[in-house]
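*Asks:* test case, fold it:
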Amino acid sequence: MKAMHTQKMKRVGGFELFTFLYSRRRKSSCARWLRAACAVFLLCGATVIASPAATKFKSLVSFDATDGEYPTLMSVVQGLDGNLYGTTQYGGTYSHGTVFKMTPGGKLTTLWNFCKVAGCPDGAQPEAGLTLATDGNFYGATNAGGAIGYGSIFKITPAGKLTTLFSFCQKNGCADGSGPSPLIQASDGNFYGTTMGGGAHQHGTIYELTPDGILTTLYNFCSQPSCADGQYPAAGLVQATNGNLYGTTADGGAHGDGTVFSIAP
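*Replies:* Residues are numbered from 1 along each chain as shown. Got it, this is the predicted structure:
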């Protein structure tokens, strides 16, 4: 009588194998050969799976303080010319940060050294990165410096011409805010951002800034009892598809552990 057999599918290590169960006690040489072949196949398959994927990581620039120090937390942004632009919080000629341009291949050019004049009226210590605007220029904020010393918002061209658009703390008690966070350009063409301090209650603000540098405070944090609306917005804003702006505060809220908020432009 012919040997009766059944076929069963087995999954091992991501591979589907077919094994044959024979009714005979004695395994044929063919069955032994099949098991040996499967073992070799599994070993090779496991070896392929265990092999790490090839990586193409490449370090492009290592700052040395003279060309900048401590790149800001936000990443670089690509300009219309294909180059990458960013900021460093410290370092540079005057040790108060830089704006840099880098080719995709890693050639770095310092476009601006902050604090070129005593008192740093051009700003100092940019803790945020840059925003590429629809006009092709870059906009950013410094945490210190400016005309009053409490931060500024600036525009810089791809060629490195910097213009200070606004200096914070021009109003008594820094009612217009101090220590700005990253800014974004919204669909209406204006820029929006937050300040960590200042404002009517000294707990931060949300502001709107026109491309010409006219600032309007939209909201003062800690306007509600016990700062239930939040305080100290350390990060910037994003604009959602519904047109509203969203952000977070590092403290405050109903439980004192921070908030997520929305605001209409």
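
*Asks:* confirm I184 sits in a strand?
*Replies:* Yes: checked against DSSP: H, G, I helix; E, B strand; the rest coil, I184 lies within a strand.

*Asks:* please renumber so the chain begins at 25
*Replies:* From this message on, residue numbering opens at 25, which makes the last subject I208.

*Asks:* quick one: it from K80, how far?
*Replies:* 32 Å (CB to CB, to the nearest Å). To be clear about C-beta, it is placed using only N, CA and C from the backbone, and glycine gets the same treatment.

*Asks:* so these two - more neighbours on which side?
*Replies:* I208 (17 against 4; other CB atoms under 10 Å).

*Asks:* for the more buried one, give me its contacts.
*Replies:* Neighbour list for I208: 155, 215-217, 260-263 [criterion: CB atoms under 8 Å, 6 or more residues apart in numbering].

*Asks:* mark which of the residues you listed are buried, thanks.
*Replies:* By neighbour count, with 16 or more other CB atoms under 10 Å, these hold 155, 215-217, 260-261, 263 as buried.

*Asks:* thinking again about what came up before, so which of the contacts of I208 sits lowest on pLDDT?
*Replies:* Lowest pLDDT within the contacts of I208 is found at G260 (90).

*Asks:* ok, the nearest residue to Y163 once chain neighbours are set aside - contacts?
*Replies:* Excluding the flanking residues, the one nearest Y163 by CB to CB, 6 or more residues apart in numbering is T155, at 4.8 Å. Counting by CB under 8 Å, 6+ apart, T155 makes contact with 101, 162-164, 206-209, 215.

*Asks:* 10 Å - rerun?
*Replies:* 98, 101, 161-165, 179, 206-209, 215, 217, 260 (CB atoms under 10 Å, 6 or more residues apart in numbering).

*Asks:* dump the C-alpha coordinates for stretch 238-252 into CSV.
*Replies:* Taking Å, rounded to 0.1, in the frame of the first residue of the first chain, the C-alpha atoms of stretch 238-252 are listed here in CSV:
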residue,chain,number,x,y,z
ILE,A,238,3.2,95.8,13.6
LEU,A,239,2.5,93.6,16.6
THR,A,240,-0.9,93.0,18.2
THR,A,241,-1.4,91.0,21.4
LEU,A,242,-4.2,88.5,20.9
TYR,A,243,-4.3,86.9,24.3
ASN,A,244,-2.7,87.3,27.8
PHE,A,245,-2.3,84.1,29.7
CYS,A,246,-3.4,83.7,33.3
SER,A,247,-6.5,85.8,32.5
GLN,A,248,-8.6,83.2,34.4
PRO,A,249,-8.5,82.5,38.1
SER,A,250,-5.6,80.3,39.2
CYS,A,251,-4.3,80.5,35.6
ALA,A,252,-6.9,77.9,34.5
